[in-house]
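Trainee: no sequence on this one, just coordinates:
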């Protein structure tokens, strides 16, 4: 066991920190959920690329730095500490679609797509969930029929962030309706400009509309859009996470850490409702703040440990579900404590949860943590069945 | 809606209060889990009977007072407020077996058994749970075979309080192994002195051994011991609770109320670990105490409401499960807060949880609340399925 | 002793509920992220006043209907259940303050709907006063002629004509929320809160709103769980959701029971009346808050949208738990 | 950066665990409600000392094995998992205090098992002093020649020869617990806690015991849930129990990670070392306490008996969470 970073790693951290401090955009990311956001996000990605910071762990052949897991971890940590812009429209390409292509795509697919992603030329989105397939993702029913050298897609996806400003989509479709549910799915690169696609933005409680519904009406894609083998899409989708080995999680931890410190600072200065002392002088609030801080510290430590564990094995284990489960619980607790301490000020909607920090909007945003990307109920099932070996229901 | 009691009810309350104050035993109930307890409990029951306080709502024909639900409620309230002795070995006869007999037994059975119970001549115990049938009570397998005018019983029961000092048992046995599980059970009065019965006391975390295992090796009982029809025992067992209409619950509420007040009083005087102020001056502990007090008040109000509801219907509804669920949660919270405030003093085992009050033993005793008489997991299923109509799993 | 509603009380519940369902159906706001319509349409407000909603619990001598606090609590529980907008709570409380002060003319204007009253919560003090200075949080600021402030010892009505209200971009866009700095604003009326149990009434009616929300947000969640299917069966058949639902029901049962116990205790002038009222508020707030949180979780992604209604209860509760007295002060006084 | 155990650390874990399983199997006490046997048999105590358990983390110059705090934490996690009785924690801490004071003779006597040390927790002050007066809670009083007291700023060793110990009927009957009133008792050694990170070490090793208990009580509960059947299937297949178990695993994962992070942070002399150690203690206490509560619930009626073992973890934790520093003081200093 060892908490030290090597000289090389420390020097890399120093470079990242300095560059981000000097080069992160001075303009905040637009809140408009439209092309303005797309332009901002892509321009920032281009800047990262031009300065050699795109694709820290991606192969050099496609424009990445091809550094190891620890460098990736350092990048995420420093990125979050610098409060550099939320990845926004680049998120799926950089953290999800791109890594999947690296793991499973053909040379041709990789050569075509990966540099575009790193250079900030395209926006990717995800097409996994469907109205009838949320927690039970594998029950998806959007169908793709092979017609010569084409796939003809009909169906509907939901909760697709940034679909309305995206160029490509990592899309799960059912290519064999007769196979068992995990065996008839394919992972497809969908051209979002193809005819037959319509998009509807969904309004959310954080007063945004980055989530979309996507409708496919006989959308034709070349058969060569399939990544991995036809009907093997479930395994392709599951291979995504193994790439970053949990380092991406560190960014969220840093945000939590920054926010609890911010809230403690607010509590040290803000008078409690009786006007006689600060919230931090109130024993109840102080202990809530500090015990939450202790839990966040432990989550940080567990994330380090998960990364260490993942570095020793090919694929990350189900323990990652513990981190996600606890993360969303702690984030909700923190956001709730935030609006408690804001008191009457919290009546105003204020800020945006993507900026992190303490706000009513951040509290509303925190509700999504235990739903998106696999509900907490599903995470608990995974932990109990796959980490602890308890029997299925 | 109305919180007032009638003049008659208030006068009854006054009589109960005065009598209990003047006549409750000065000797505490022995903690010995043996015949000494039996003698104490039966003597106290006899005193109640002799003074006209046995069987407040039981028919006059069997020695009861035949008063209504409100009188029963008042009795339980005043009994708890007076800190009169825990019913102990009389519990099953008075609150469970007796009421079942009143609801379902033959005239002969009632005439024989009920006066004995009221007069403190016999101890009853319960034989429902089995090692393999806890939450799934109806899966019980202790079998009873009809042999002429006798039942021959073989099997095992567990968690039978006071079996080792009991004379009779309300016993559930399987009389038809081929019927669906709820349809082949009979409710039997078992003579605990019958040959073939052996008893083993089970040691518990509260350092007592009132729970027993009871083993039946071809125990012969007259067929006339069956209450209700053969194979109709499940419905007999379910009819028990309808008798007291939830009033018995009030005694437990009064105990909770007394204990939270006692704990608040301790907190007002006991210095917190830093030695600088009392626990009640510590905002965290004060708010924990007072919010728990508020929850206990609400549970009291809900109990009043449940009694009011039950007075309007033949059988109590599944809402009673809410009271039991919340009761055990609050009792555990209270007991835990108790040992927190006792601090280092709580290292000593101390008192007995049956005396109520704040003690380490009470904390250990509180663990049983969410297990005995139907676990909290089962109560939540009942509430969701039978109160809210959610679908079975 | 009978804690169940009488047939007459059931009738009040039914009438109010039917009116609300027809006139104020609970809907998501969709893409409307700011308030564009009035908090309550004038004719609707008038209709509600004509139904006697502001004077239900006012004595007949004071021009009211003459029911008790329990009936008022039933009304407000239904208003909470239906997420009714409009200055009902502040109107009722102001009418009671005016009646206590003997100003029958003002009572008449309030209960007839002729004047409207905002609800004022002071920020850094816990008492209303004859000449008030300080920061104030206001709800129902729209067209408000007066503001009513109910505090543990004193209750007051202030005229709003010379007060500059700064609008707040309320998290619940269906309510008109604002902030104001009172600078030596003189009370039109200042009365002892104790005299007419004004503080207790405010706590109980606010609690009634919360209880109504807790019940309704549970109901829609349970209904959703019966129809939404995953893994080939209704999600309501999974024990995780049953656990949430069972505790939602428990919170409703306890909070509603305490609400009415407290209302009756206040009417009967129990020594413990204030403590009962505070306990009612505490339990009701917890029920509305936690049930709302579970409702979003049960609705999954849909619960995160403004097209479904769980967020309406969550955001309304966010406002309701911040009126009159904040959480820690409620607990400290139990 | 690597937070996983090295092969050498795995070997320490295996050796200690195997010894404990053989020599100190965890059993229920059945009908024995009072302690009748010594806390630890003399020959067993000697054997453990011979294995170097009291000197694992002591420098070689001080006569120790020369491992770090992480290895000590592994040892104590295993001692916690195996519910080992005996004055291990107090012995190790006292050896470090004596080493800090330069008393190599005492160090040798402690680590060889020649003298035994009780663990003292002061009741109404938070600092050890050269001449101590006040109420003391003691664990491992049996045959104790000394008592060690570790407080945030000062750490001390006191001779027990003239101290009258009043035995406490400990809720965990496998531990010898007592109370004493110190009346101007002079410290044999009084050192700064900061110098050798004594307070941090005490927090971390106590946390290690709790982490071990949290892990083991989870393990036995999960195993039980796989074999116990109700309604025709293992109770571990019900989602209610899966929810408990998933959070038990989460608590273990977080508490254990924080334990080792803190141990490494103390060794590396991070500025935040104390805060990390306090956070380790807090998380470990929560994990041991709540996991123990769930363990009883999962075991149902059997969990309420002294024939099964969940209560052993619950009662041991009850003692462990009351040594060195109580909960609110731990949190306040994070």
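Mentor: Ah, there it is. Since this is a predicted model, take the numbers as computed values, not measurements.
Trainee: Please parse chain A into its domains.
Mentor: Domain segmentation of chain A under automatic domain parsing yields A:7-123, A:125-231, A:245-387.
Trainee: okay if I get those domains as a markdown table plus distance to chain C and mean pLDDT?
Mentor: For every residue, glycine as well, the C-beta is placed using N, CA and C. Formatted as a markdown table, the domains of chain A follow (distance: least, C-beta to the nearest C-beta, whole Å; pLDDT from 0 to 100):
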| stretch | distance to chain C | mean pLDDT |
| --- | --- | --- |
| domain A:7-123 | 11 | 95 |
| domain A:125-231 | 4 | 96 |
| domain A:245-387 | 4 | 91 |
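Trainee: Dump those domains into TSV; add mean neighbour count as well.
Mentor: Formatted as TSV, the domains of chain A follow (neighbours: other C-beta atoms under 10 Å in any protein chain shown):
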stretch	mean neighbour count
domain A:7-123	18
domain A:125-231	19
domain A:245-387	20
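Trainee: Same list, those domains, but as a markdown table with distance to residue C:218 please.
Mentor: Output for the domains of chain A, formatted as a markdown table (distance: least, C-beta to C-beta, whole Å):
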| stretch | distance to residue C:218 |
| --- | --- |
| domain A:7-123 | 32 |
| domain A:125-231 | 19 |
| domain A:245-387 | 17 |
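Trainee: Quick one: closest of those domains to chain B.
Mentor: Proximity of the domains of chain A to chain B was assessed by C-beta to the nearest C-beta; the nearest stretch is domain A:245-387, lying at 3.8 Å.
Trainee: next one: phi and psi at the residue of chain C most remote from its centre?
Mentor: Outermost residue of chain C with respect to the C-alpha centroid, by C-alpha atoms, centre = their mean, is residue C:232; its distance is 40.3 Å. Backbone torsions for residue C:232, taken as degrees, to the nearest 10, come to phi 80, psi 10.
Trainee: Give me the longest strand you can find in the chain.
Mentor: Looking at chain A here, since you left the chain open. strand A:212-222 (DSSP state E).
Trainee: You answered for a different chain; I wanted chain C.
Mentor: Criterion DSSP E: the longest strand present in chain C is strand C:177-192.
Trainee: So what are the sheet partners of it and their directions?
Mentor: Note on strand C:177-192: by DSSP bridges, its sheet partners are strand C:131-139 (antiparallel), strand C:154-159 (antiparallel), strand C:166-168 (antiparallel).
Trainee: Okay, residue C:271 and residue C:265: tell me how far apart.
Mentor: As judged by C-beta to C-beta, to the nearest Å, residue C:271 and residue C:265 stand 9 Å apart.
Trainee: Show me which of these two is the more surrounded one.
Mentor: residue C:265 (26 against 8; other C-beta atoms under 10 Å in any protein chain shown).
Trainee: May I have the residues that are in contact with that one?
Mentor: For residue C:265, the contact set (C-beta atoms under 8 Å, 6 or more residues apart in numbering or on different chains) comprises B:3, C:272-273, C:276-277.
Trainee: does it sit in a helix or strand, and which one?
Mentor: In this assignment (DSSP states H and E), residue C:265 forms part of helix C:239-267.
Trainee: which residues in the chain form strands?
Mentor: I went with chain A, as the question did not name one. With DSSP E, the ranges of strands along chain A come out as A:124-127, A:143-147, A:150-157, A:168-174, A:185-191, A:197-201, A:212-222, A:226-227.
Trainee: You answered for a different chain; I wanted chain C.
Mentor: Here chain C has its strands, by DSSP E, at C:117-122, C:131-139, C:146-150, C:154-159, C:166-168, C:177-192, C:229-230, C:233-234.
Trainee: Strand C:146-150 and the second one, what's the angle between them?
Mentor: Counting by axes from the mean of the first three to the mean of the last three C-alpha atoms, to 10 degrees, strand C:131-139 lies at 100 degrees to strand C:146-150.
Trainee: Quick one: work out the angle between strand C:131-139 and strand C:117-122.
Mentor: 110 degrees.
Trainee: quick one on the thing from earlier: now, of the contacts of residue C:265, which are buried?
Mentor: Buried residues within the contacts of residue C:265, counting neighbours by 16 or more other C-beta atoms under 10 Å in any protein chain shown: B:3, C:273, C:276-277.
Trainee: From these, which land in helices?
Mentor: Residues of these located in helices (DSSP state H): C:273, C:276-277.
Trainee: Dump the residues you listed to JSON lines, plus distance to chain D and pLDDT.
Mentor: Shown next, in JSON lines, are these (distance: C-beta to the nearest C-beta, whole Å; pLDDT from 0 to 100):
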{"residue": "C:273", "distance to chain D": "34", "pLDDT": "97"}
{"residue": "C:276", "distance to chain D": "30", "pLDDT": "98"}
{"residue": "C:277", "distance to chain D": "31", "pLDDT": "98"}
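Trainee: quick check, nearest of those residues to residue A:152?
Mentor: Nearest to residue A:152, judged by C-beta to C-beta, of these is residue C:277 at 66.0 Å.
Trainee: Now for the closest one: which residues touch it?
Mentor: Residues near residue C:277 by C-beta under 8 Å, 6+ apart: C:199-200, C:203-204, C:207, C:262, C:265-266.
Trainee: thinking again about what came up before, and the longest strand of chain A, how far out from the chain middle?
Mentor: Strand A:212-222 sits 24 Å away from the centroid of its parent chain (C-alpha atoms, centre = their mean, to the nearest Å).
Trainee: Next, the buried residues of stretch C:317-331.
Mentor: Neighbour-count burial for stretch C:317-331 flags C:317-328, C:330-331 (criterion: 16+ other C-beta under 10 Å).
Trainee: Now look at it and say if it contacts chain A.
Mentor: Yes. Legend: contact between stretch C:317-331 and chain A by C-beta under 8 Å from any C-beta of the partner chain is shown at C:318-319, C:322, C:326-329.
Trainee: Nearest spatial neighbour of the residue of the stretch 51-200 of chain A found nearest chain D, chain-adjacent residues omitted?
Mentor: Closest contact between the stretch 51-200 of chain A and chain D, by C-beta to the nearest C-beta, is at residue A:70 (6.3 Å). Nearest residue to residue A:70, sequence neighbours excluded (C-beta to C-beta, 6 or more residues apart in numbering or on different chains): residue A:9, at 5.5 Å.
Trainee: Lovely, talk soon.
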